[in-house]
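Engineer: Pasting the sequence and the predicted model now:
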Amino acid sequence: MVIVVVTVGITESVMARYRMDRVPKFVLTAFALAFFATIVTLEFI
Amino acid sequence: MIESVMLWVFALVSAPLFAGIIFKVKAFFGGRRGSPLLINYYTLIKLIKKGSVYSSSTTFVFKLGPVVNLGTIVTALFFLPIAGHAPVLSFNGDAIFVLYLLGLARFFTIAAAMDTASPFEGMGAAREAYFPIICEASIFMILILFYRLTGDLTLGAFLSGGQPFGLWQTAGPPLLFVVIALFIILLTENARVPVDDPATHLELTMIHEVMVLDHSGPDLAFIEMGAFLKLFFYSAWIARLILPFELAHPLLNLLLFSAGW
Amino acid sequence: MFLAIKAVAALGLDYGRIPFEPFAHYSAAITLGATLFLAATLLLLALRRMFYQGKPIGHGGTWGCGFTQPTARMQYTGSSYAASILAFFRPAAPLEEIHPPVAGLFPRETHYHSHVHDIVERHLNCLVVVPIVRLFDRLRWIQHGDIHLYIGYILLAIVVLLFFV
């Protein structure tokens, strides 16, 4: 838990310096990663 | 059973502390000393001691919002295995049930925000409805993956006992992606920085905070508590996935789980 | 619902054997969860009432941030609410916006109108309907009006069927 919240804190400190105008794309990254993970385990290839 | 209930109580009690650690880390990186670790407990007590001011355009929906919000997340925690221990309740498909409970909470938060008739809160509500659409797609992708790996659709089967370790053994590399994806979902769902800034004071840039602008007193305390518990809910998933080890004693497990070292 | 499934199962049909036990388990479990949620909510409502005992409760305007005198013409409408979501789903739901650019320092009048097109309605015609109509236009010679040949078609169909059945 502490690891997770510390990572959140670090991400916040780092990201706060930048403008974030691509939020949907950022969230879509999560979907892409999850989708890719699922495809890999489906063992089509 | 008793242990599960005690862990549930632990979640309720410790959630504000973990949110406080985020403040501390941010202060450290900002070169400040920061607020004390227990700041969130003080905030909650302060808010509960206060009275409230209600907008004259609000109805009972506005007052119901915080209560339903906290009620759903408290119920959702019943189904969450904490520190690898079996959850208080579990049935086949409870992962979906829990996710839609959180959806109900979101609906009531949005409804309460719309109830104030403030255009700013409407904008926040629109974003609150928008980003979770993408989040839901990713989290269901993760559920499909977990279902493929375990053949079960319960949070208990994914995160309790020796299971996360087994998941790493059968599908390590995809699980790495899942951890990153879950982290992004955590940031989005809890309105943390790249998506939203909980510390900002400009309504136009906020999502969650602008929706709760008109709440005050104990109502705001309920909302804050709900936010802490939601953060706990998502970080417990990730914490369990990155530290899938099982120690001999439940207390040791809890210590490992909450410390993370 | 379970009564209906039981009744169908009693008929002993092969396709009537729907396993209704899992459904019963699910609905019982979901009911349990919902009851818990209701109990938690009621408990919190009681707690809330306790917290508000003897507290001053004020009434005021909605927090407006310098935007304190809105009129009915300045609203956050349903289209505004859906705008960002519609923009994201533009590939699947083409959005048409009619909004003339604002001209001058003190623009007099403007209007905004948006319409979401049905992607099926839009592409079905050119991708499916038109090719099919063209194909059938080419096959028009089959339908020539000669009754003798029509009877011949029927005979042909019967002969072909004889090979398969």
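Structural biologist: Thanks, I have the structure now. Everything numeric here is computed off the predicted structure, so don't read it as measured data.
Engineer: Okay, helices next: where are they in the chain?
Structural biologist: Because you didn't say which chain, this covers chain A. Per DSSP state H, chain A carries helices over the ranges A:2-15, A:23-42.
Engineer: let's do chain B instead
Structural biologist: Along chain B, the segments classed as helices by DSSP H run B:2-29, B:39-49, B:60-78, B:94-115, B:119-150, B:155-159, B:163-170, B:172-189, B:208-211, B:218-242, B:250-259.
Engineer: Using CSV, please lay out those together with distance to chain A, mean neighbour count and mean pLDDT.
Structural biologist: (Glycine included, C-beta is placed from N, CA and C.) Output for those, formatted as CSV (distance: least, CB to the nearest CB, whole Å; neighbours: other CB atoms under 10 Å in any protein chain shown; pLDDT from 0 to 100):
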stretch, distance to chain A, mean neighbour count, mean pLDDT
helix B:2-29, 3, 18, 85
helix B:39-49, 12, 16, 87
helix B:60-78, 14, 23, 90
helix B:94-115, 14, 20, 89
helix B:119-150, 4, 21, 84
helix B:155-159, 13, 23, 77
helix B:163-170, 8, 16, 73
helix B:172-189, 4, 21, 84
helix B:208-211, 13, 24, 78
helix B:218-242, 4, 23, 87
helix B:250-259, 5, 16, 71
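Engineer: With distance to C:Gln75 as added columns, please give those helices in a markdown table.
Structural biologist: Listed next are the helices of chain B as a markdown table, based on distance: least, CB to CB, whole Å:
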| stretch | distance to C:Gln75 |
| --- | --- |
| helix B:2-29 | 36 |
| helix B:39-49 | 32 |
| helix B:60-78 | 19 |
| helix B:94-115 | 12 |
| helix B:119-150 | 7 |
| helix B:155-159 | 42 |
| helix B:163-170 | 49 |
| helix B:172-189 | 28 |
| helix B:208-211 | 17 |
| helix B:218-242 | 26 |
| helix B:250-259 | 48 |
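Engineer: In JSON lines, list those along with distance to chain C.
Structural biologist: Listed next are the helices of chain B as JSON lines, based on distance: least, CB to the nearest CB, whole Å:
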{"stretch": "helix B:2-29", "distance to chain C": "11"}
{"stretch": "helix B:39-49", "distance to chain C": "6"}
{"stretch": "helix B:60-78", "distance to chain C": "4"}
{"stretch": "helix B:94-115", "distance to chain C": "6"}
{"stretch": "helix B:119-150", "distance to chain C": "4"}
{"stretch": "helix B:155-159", "distance to chain C": "12"}
{"stretch": "helix B:163-170", "distance to chain C": "20"}
{"stretch": "helix B:172-189", "distance to chain C": "14"}
{"stretch": "helix B:208-211", "distance to chain C": "10"}
{"stretch": "helix B:218-242", "distance to chain C": "4"}
{"stretch": "helix B:250-259", "distance to chain C": "23"}
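Engineer: Please identify which of those helices is closest to C:Asp118.
Structural biologist: Set against C:Asp118 and scored by CB to CB, the helices of chain B come closest in helix B:119-150, at 19.9 Å.
Engineer: Get me the contact residues on chain A for chain C.
Structural biologist: A:Pro24 (CB under 8 Å from any CB of the partner chain).
Engineer: pLDDT below threshold where in chain A?
Structural biologist: A:16-21, A:43-45 (pLDDT under 70).
Engineer: Find the residue at the geometric middle of it.
Structural biologist: Relative to the mean C-alpha position of chain A, the nearest C-alpha, by CA atoms, centre = their mean, is the one of A:Ala30, at 4.9 Å.
Engineer: what's around whichever residue of chain C sits closest to chain A, how many residues?
Structural biologist: Nearest residue of chain C to chain A, counting by CB to the nearest CB: C:Phe88, 5.8 Å away. Counted by other CB atoms under 10 Å in any protein chain shown, the residues lying close to C:Phe88 total 16.
Engineer: Quick one: residues contacting it.
Structural biologist: Listed by CB atoms under 8 Å, 6 or more residues apart in numbering or on different chains, the contact set of C:Phe88 reads A:24, B:130, B:133.
Engineer: Also B:Ser118?
Structural biologist: Counting by CB under 8 Å, 6+ apart, B:Ser118 makes contact with B:55, B:213-214, C:62-64.
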